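Chemist: Quick one, structure for this:
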Amino acid sequence: MSTNLQGYEAVIGIEVHVQLKTLSKIFCSDSTDSTAGDNENISPISLGMPGSLPTLNSKVVDLAIKAGLGLNCQIRTKSFFARKNYFYPDLPKGYQISQYEDPICEKGFVEFFADGMEKKVSIERAHLEEDAGKSTHYPEHTLLNYNRAGVPLLEIVSGPDMRSAREAAEYCKTIRAIVQYLDVCDGNLEEGSLRCDCNVSVKKIGEPKLGVKVEIKNLNSFRFIEKAIDFEIERQVDQCLSGQKIIQETRLYDPDKNRTFTMRVKEDAEDYRYFIDPDLLPIIVSDEKIQMIKKTMTELPRPRAHRFVQQMGLTQDEADILISDKAIADFFERTSELSKNSKLSANWILRDVLGYINDHHLRIEQIKMSAQSLAELLILIDQKIVSGKIAKSIFNDMIATGESAQQIIDKKGYKQVSDTGELEKVIQDVLAASASQVAEYHAGKEKVFGFFVGAVMKATKGQADPDKVNELLKKMLKS
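Modeler: Here you go, the predicted model:
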């Protein structure tokens, strides 16, 4: 993390490209199915053939409006598509259809917590555009796959409001959570349905003029966002201190070497020769349309986190982790509802469920354990039918096999020993075999109490009720 900037500060703005959740592309009926074979989802329109004409997908507009409302944006009642002209092999028309002067969404903001502080970042605009194809480069040739050409994107452009890599990563997590909650994008960074370009510059602290910005392109993990920005900040500060000029350019991040490297010198807006696309009509959005879409919106991440803190007794950090992914938040809420114990549900999900997911590189939808199964285990813990230690073993079997807690208990004979008579007999045997430790305890060495607890737990193979053991031990040692 960049901390020693020797009188400089970073200024960070981010462009998040959100792939909108439609079955067909933005200007034609070609499928958006990402599992299709190379160049299966194409047509004369996707390939930019002469004489082909685009037709706007109305679902794209609805999803853009919904996302804009979730980002606290103003929705333009009239917006236009423009042509962004540049040559690249995976852009078959020689231009990209995008929005420039009149985006559909503008002047919004998002709020989030970073390093325990509440942050607010402005959204300058969120505009619609089509994606380009994909080039795969080899030493002797390049292969082009146009399946992605024409896939609908919403590009969300922040203000230059962030000052650290941690803030930037939390901002991107917030955007991802919002579009997931609204069901406008699946937010899958690995598959490229959400991609982040980070603009980084440095300037002397207190200097009003911004420095020359450098764009870091196509970052697809929150960890890489943080590491790439930290590297870039330090690189630019080092250049400033050595008297070198910062060049406006686009760079890529190499995670193996943890460094950024030049991709191309960055163009300015005038280089793209934007002009309104003559083949597409303006997008007209009525107030009735906005109100109708607003009524379909579900609870957003920030209000949900607030509810988790106020109504369920979670800490802000716990709530922030749980709401960062809608599927995880849903899993928690269902577990909490069934187990009737929010705090215990949060503890097991944050520690054990997420630990398993991270270790096995899975999404929560891919694990074999359901929220109902976890709730059943937590109820057994609450009712002191199983101890915490046994519950951990049961959990490991449940998440590996998909079996219920009761099935595993029946199969392996797990049972918490809480019968007073049975425990008293075990404790009597332990005390009888530990005369010297009993003498030490009566001589005032109360730390030896833990020895007795451990001996009882060992004798019962970890199945004794710990609270009951403590209670009976104190009573029997007194007598």
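Chemist: From here on, just use CA atoms for contacts and neighbour counts.
Modeler: OK.
Chemist: Give me the distance between Ile321 and Ala114.
Modeler: Plainly put, Ile321 is 12 Å away from Ala114 if you go by CA to CA, to the nearest Å.
Chemist: Ok, Gln366 next?
Modeler: 29 Å.
Chemist: neighbour-wise, which of these two wins?
Modeler: Ala114 (17 against 10; other CA atoms under 10 Å).
Chemist: Spatially, and excluding backbone neighbours, which residue is closest to that one.
Modeler: Using CA to CA, 6 or more residues apart in numbering and skipping the chain neighbours, the partner closest in space to Ala114 is Glu167 (5.8 Å).
Chemist: Now do the one you found: how many residues are near it, please.
Modeler: Residues contacting Glu167 under the criterion other CA under 10 Å number 21.
Chemist: Burial check on Asp186, number of neighbours?
Modeler: A count of neighbours around Asp186, defined by other CA under 10 Å, yields 20.
Chemist: With Asp359 instead?
Modeler: By other CA under 10 Å, the residues close to Asp359 number 8.
Chemist: While we're on it, how confident is the model there?
Modeler: For Asp359, the model assigns a pLDDT of 94.
Chemist: now do Asp268
Modeler: Note on Asp268: pLDDT of 68.
Chemist: Report the secondary structure state of His17.
Modeler: Classification of His17 by DSSP: H, G, I helix; E, B strand; the rest coil places it in strand.
Chemist: What helix or strand is the spatially closest residue to it that is not a sequence neighbour located in?
Modeler: The shortest distance from His17 to any non-neighbouring residue, by CA to CA, 6+ apart, is to Glu155 (4.5 Å). In the assignment (DSSP states H and E), Glu155 maps to strand 152-158.
Chemist: What pairs with that strand, parallel or antiparallel?
Modeler: Strands that pair with strand 152-158, judged by DSSP bridges, come out as strand 8-19 (antiparallel), strand 117-130 (antiparallel).
Chemist: Show me what secondary structure element comes after the first one.
Modeler: Downstream of strand 8-19, the next assigned helix or strand under DSSP H and E is helix 58-70.
Chemist: Off-centre distance for that next one?
Modeler: Helix 58-70 has its C-alpha centroid displaced from the chain centroid by 21 Å (CA atoms, centre = their mean, to the nearest Å).
Chemist: Flag every buried residue along it.
Modeler: Neighbour counts using 16 or more other CA atoms under 10 Å place Val60, Val61, Asp62, Leu63, Ala64, Ile65, Lys66, Ala67, Gly68, Leu69, Gly70 of helix 58-70 among the buried residues.
Chemist: wait, what's in contact with the third one?
Modeler: By that I understand Asp62. Contacts for Asp62 (CA atoms under 8 Å, 6 or more residues apart in numbering) come out as Ile293.
Chemist: So in the protein, which helix runs the longest?
Modeler: If each helix of the chain is counted by residues according to DSSP state H, the longest one is helix 222-241.
Chemist: need the helices for the stretch 151-300 of the chain, in chain order.
Modeler: For the stretch 151-300 of the chain, helices defined by DSSP state H, counting those that start in this stretch occupy the ranges 165-181, 222-241, 287-295.
Chemist: Strand 152-158 and the first one, what's the angle between them?
Modeler: Interaxial angle of helix 165-181 relative to strand 152-158 (axes from the mean of the first three to the mean of the last three CA atoms, to 10 degrees): 140 degrees.
Chemist: tell me what helix 165-181 is packed against?
Modeler: strand 8-19, helix 58-70, strand 105-114, helix 222-241, helix 301-312, helix 326-339 (3 or more CA pairs under 8 Å, 6 or more residues apart in numbering; DSSP states H and E).
Chemist: Give me the distance between Thr287 and Leu144.
Modeler: Rather than Thr, residue 287 is Asp. From Asp287 across to Leu144, the span is 42 Å (CA to CA).
Chemist: and the gap between Ala346 and Asn396?
Modeler: For Ala346, the distance to Asn396 - CA to CA - is 17 Å.
Chemist: same thing with Ala371?
Modeler: Ala371 is 15 Å from Asn396, by CA to CA.
Chemist: the more surrounded of those two?
Modeler: Taking neighbours as other CA under 10 Å, Ala371 and Asn396 compare with Ala371 leading, 19 against 14.
Chemist: I'd assumed Glu337 was in contact with the more buried one.
Modeler: No. Using CA atoms under 8 Å, Ala371 is not in contact with Glu337, being 9.6 Å away.
Chemist: got any residues that touch both of those two?
Modeler: Common neighbours of Ala371 and Glu337 are not found (criterion: CA under 8 Å, 6+ apart).
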